[in-house]
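S.K.: Need a 3D model of the sequence below.
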Amino acid sequence: MRFPLGQVVATPGALAALEEAGQIPGEFLDRHVQNDWGDVSDGDKLLNDQSLQDGSRLLSSYRTTKGEKIWVITEADRSSTCILLPSEY
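M.R.: The predicted structure is shown next:
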């Protein structure tokens with residue numbers, strides 16, 4: 001693990017999307033913590049890489065097997081990580 005996730009929470013919409021896809025949050029959390037930022041822009045990937053050095057917020061974006069976009073956000077202070085749909089931000 002390259003950074004702590006803190007308390008992990010998920011929104012109802014994200015949990016429903018994962019259930020519909022037959023996936024579990026751990027799939028996405030594992031990718032996120034291993035610095036696989038998923039489907040973010042090159043600029044956002046660079047920002048995430050810088051965030052590992054300066055302690056800023058981390059954002060990853062993935063798609064479920066059903067095509068639903070899921071975000072994983074770790075707060076700057078690393079106290080919590082939230083799995084959510086972009087519409088829930």
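S.K.: before we move on, what SS does I73 have?
M.R.: Classification of I73 by DSSP: H, G, I helix; E, B strand; the rest coil places it in strand.
S.K.: That one reaches E88, doesn't it?
M.R.: No: with contacts counted by CB atoms under 8 Å, I73 stays clear of E88, the gap being 10.8 Å. All C-beta atoms are positioned from the backbone trio N, CA, C, and that covers glycine.
S.K.: what about the residue nearest to A17 when sequence neighbours are not counted, neighbour count?
M.R.: Distances taken as CB to CB, 6 or more residues apart in numbering place E68 nearest to A17, at 4.2 Å, with adjacent residues excluded. Other residues near E68 come to 18 when the count uses other CB atoms under 10 Å.
S.K.: and if you look at the one 4 residues further on?
M.R.: The criterion is other CB under 10 Å. On that basis, V72 has 25 neighbouring residues.
S.K.: Pick out whichever of I73 and E88 has more residues nearby.
M.R.: I73 (16 against 13).
S.K.: roughly how far apart are the more buried one and L29?
M.R.: Computed as CB to CB, to the nearest Å, the I73 to L29 distance reads 12 Å.
S.K.: what's the answer for A16, then?
M.R.: On the measure of CB to CB, A16 and L29 end up 17 Å apart.
S.K.: what do you get for K45?
M.R.: Following CB to CB, the distance that separates K45 from L29 is 18 Å.
S.K.: And these two? Which one has more around it.
M.R.: Set side by side, K45 and L29 show more neighbours around L29, with 19 against 16, by other CB under 10 Å.
S.K.: Cheers, nothing more for now.
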